[in-house]
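In: Could you look at this predicted model? Sequence included:
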Amino acid sequence: MPAALTDKRILRLPEVLAIVGVSRSTILRWVDEGEFPAPIKLGGSNSRCVGWLSHEVYEWMDQRAEARLSRTH
């Protein structure tokens, strides 16, 4: 298993944007459409602080790469 998948940590939005390489609005639209992992709340019920589990983001990337490979074969 790649080190990125075993090194579980919480990524804030700027990190997710840098890793995935798309805009904030694209990530949030994909979350709303169920196409990207949903963030988790980091604070209490009134907190707006959220983050993404790193292993879910990297798994999503792996799935996208696998889907590309299956389309070319």
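Out: It's in. In this text, all values refer to a predicted model and were calculated from it rather than measured experimentally.
In: mind listing the helices in the chain by residue range?
Out: Residue ranges of the helices in the chain, as given by DSSP state H, are 3-6, 13-20, 24-32, 54-72.
In: how deep is D32 tucked in, by neighbour count?
Out: Neighbourhood size, D32 [other Cβ atoms under 10 Å]: 10. Where C-beta positions appear, they are placed from N, C-alpha and C, glycine not excepted.
In: right, I mislabeled it, should have said R48
Out: 7.
In: and if you look at L69?
Out: Neighbours around L69, by other Cβ under 10 Å: 9.
In: What distance do you get for it to V57?
Out: Remark: distance between L69 and V57 (Cβ to Cβ, to the nearest Å) = 19 Å.
In: With E66 instead?
Out: Taken as Cβ to Cβ, the span from E66 to V57 is 15 Å.
In: Neighbour count for the two, which is higher?
Out: It is V57, of E66 and V57, that has more neighbours when counted by other Cβ under 10 Å, with 19 against 10.
In: That one and V20 touch, don't they?
Out: Yes. Judged on Cβ atoms under 8 Å, V57 makes contact with V20 at a distance of 7.1 Å.
In: Quick check: end-to-end length of stretch 38-47?
Out: Chord length of stretch 38-47, first to last residue, is 16 Å (Cα to Cα, to the nearest Å).
In: average pLDDT for that stretch?
Out: The average pLDDT for stretch 38-47 rounds to 91.
In: neighbouring contacts of that stretch?
Out: The contact list for stretch 38-47 (Cβ atoms under 8 Å, 6 or more residues apart in numbering) reads 10, 31, 49-53.
In: And G51, how far from L69?
Out: 29 Å.
In: Hmm, I typed the wrong one, I wanted T26.
Out: T26 is 23 Å from L69, by Cβ to Cβ.
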